[in-house]
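Colleague: Predicted coordinates and the sequence they were generated for:
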Amino acid sequence: MKLGLDFYQRNGVSVACDLLGKLLVREIDGQQIIAKIVETEAYIGPEDKGCHAYQNKRTKRTEVMFGRAGCAYVYLIYGIHNCLNIVTASEGKPEAVLIRAVEPIDGLDIVREYREIKSRKIEDLTNGPGKLCQALDIDRRLNGYDLVDGDKLYILDSDERVEVVKGKRINIDYAEEYKDKLWRFYIKGNSFVSR
DNA sequence: TTCGAGATACACT
DNA sequence: GTGTATCTCGAAA
């Protein structure tokens, strides 16, 4: 079952936690890539200094976060890499969940077409935000894409029970007191979780 | 195996 | 012009 709008219309921390173990589906030319979400981070604007929409900063880039829950917020970082986020909470509240890592379940052949890497380890395909976007052919064309109604990119519910670990977020040293918030979630013992 | 630098383009000041 | 929610590679051990 596809996750509905009500799943996303909650506070970002809860959504980030509940997304673990769910299945991210990407459809390209009729072919499906299925990947299990194993690591997420919550970004809660306007209070979170690590969030782009800190203090309700509304710009062309952060505009999507102010919109409806369940949309994708895709954003280019370091000029090279894309990051996939899911907008949460209600309209006007800039909250989002960053998908940091996934575990490929199906469609590995397609993934390899998009990611030509020397490493043969499957872990290297998707164990980071930039990598998983490349693996699933996600870029800014999908910014604002509706995961609730869309069929190219959506998230399936899963019955799988997962053991969730909370931790500090990564690479946001500038966020000061908020960098120590335990807003990073990952599945315990999963080898696709980044370090 | 781990470490450190460089790449890159977009949004924002 | 500046800074960035990262990745990859080569070098050393």
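Modeller: Arrived safely.
Colleague: which bits of chain A sit near DNA strand C?
Modeller: A:41, A:43, A:50-52, A:65, A:73, A:75, A:77-81, A:83, A:85, A:96, A:98, A:115, A:117-119, A:124, A:128-131, A:134, A:170-172, A:174, A:194 (CB under 7 Å from any atom of the strand). Bear in mind the C-beta positions are built from the backbone N, C-alpha and C, glycine included.
Colleague: Thought A:W183 was touching A:A42, still the case?
Modeller: Yes. Between A:A42 and A:W183 a contact is recorded at 4.2 Å, counting by CB atoms under 8 Å.
Colleague: Name the residues contacting each of these two.
Modeller: A:13, A:16 (CB atoms under 8 Å, 6 or more residues apart in numbering).
Colleague: pLDDT score assigned to A:N85?
Modeller: We have a pLDDT of 97 for A:N85.
Colleague: what does the one 4 residues further on give?
Modeller: With respect to pLDDT, A:A89 has a value of 96.
Colleague: what residues are up against it?
Modeller: Going by CB under 8 Å, 6+ apart, A:A89 touches A:8-12, A:69, A:95.
Colleague: Any of those residues buried? List them.
Modeller: A:8-9, A:12, A:69, A:95 (16 or more other CB atoms under 10 Å).
Colleague: Turn the residues you listed into TSV, columns for pLDDT and secondary structure.
Modeller: Shown next, in TSV, are the buried ones among the contacts of A:A89 (pLDDT from 0 to 100; DSSP: H, G, I helix; E, B strand; the rest coil):
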residue	pLDDT	secondary structure
A:Y8	98	helix
A:Q9	97	coil
A:G12	96	helix
A:A69	97	coil
A:E95	96	strand
